[in-house]
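K.L.:
need the 3D shape of this:
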Amino acid sequence: MANEDPWKTAKSRFKLTDRQVAMAKELGMNPKKLGKAAPNHHEPWKDPLGVFIERCHYRRFGGPKDRS
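P.N.:
Numbering: from 1, shown residues only. Next up is the predicted model:
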């Protein structure tokens, strides 16, 4: 388990998509510390981790570009 990719572990643990993992990497997030941003039952006001990552990415890099 020590040799396993930490992003692969975080993806399965927090149910992230490939796109959300790529966004988190671009933001420079540490996969071992994503649990701090994830909500638990005591924090119902927090967004799900995937939504949080997307919101941070759009805030820093702008919204989705027109692909036409």
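
K.L.:
do you have the helices of the protein handy? List them.
P.N.:
Taking DSSP state H as the criterion, the chain carries its helices at 6-14, 18-27, 49-61.

K.L.:
for Ala37, which of these is the nearest?
P.N.:
In terms of C-beta to C-beta, the element of the helices of the chain nearest to Ala37 is helix 49-61, at 5.6 Å. Bear in mind the C-beta positions are built from the backbone N, C-alpha and C, glycine included.

K.L.:
any idea of the angle the closest one forms with helix 18-27?
P.N.:
In terms of direction (axes from the mean of the first three to the mean of the last three C-alpha atoms, to 10 degrees), helix 49-61 departs from helix 18-27 by 50 degrees.

K.L.:
okay if I get the helices of the chain as TSV plus mean pLDDT, mean neighbour count and distance to Ala38?
P.N.:
Formatted as TSV, these follow (pLDDT from 0 to 100; neighbours: other C-beta atoms under 10 Å; distance: least, C-beta to C-beta, whole Å):
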stretch	mean pLDDT	mean neighbour count	distance to Ala38
helix 6-14	95	15	6
helix 18-27	96	16	12
helix 49-61	95	16	4
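
K.L.:
enumerate every residue touching the residue sitting nearest the centre point of the chain.
P.N.:
Geometric centre of the chain, nearest residue: Ile53, 4.2 Å, by C-alpha atoms, centre = their mean. Applying C-beta atoms under 8 Å, 6 or more residues apart in numbering, we find Ile53 in contact with Leu16, Gln20, Met23, Ala24, Leu27, Met29.

K.L.:
of all those residues, which two lie farthest apart?
P.N.:
Greatest spatial distance in those: Leu16 and Leu27, 12.8 Å, computed using C-beta to C-beta.
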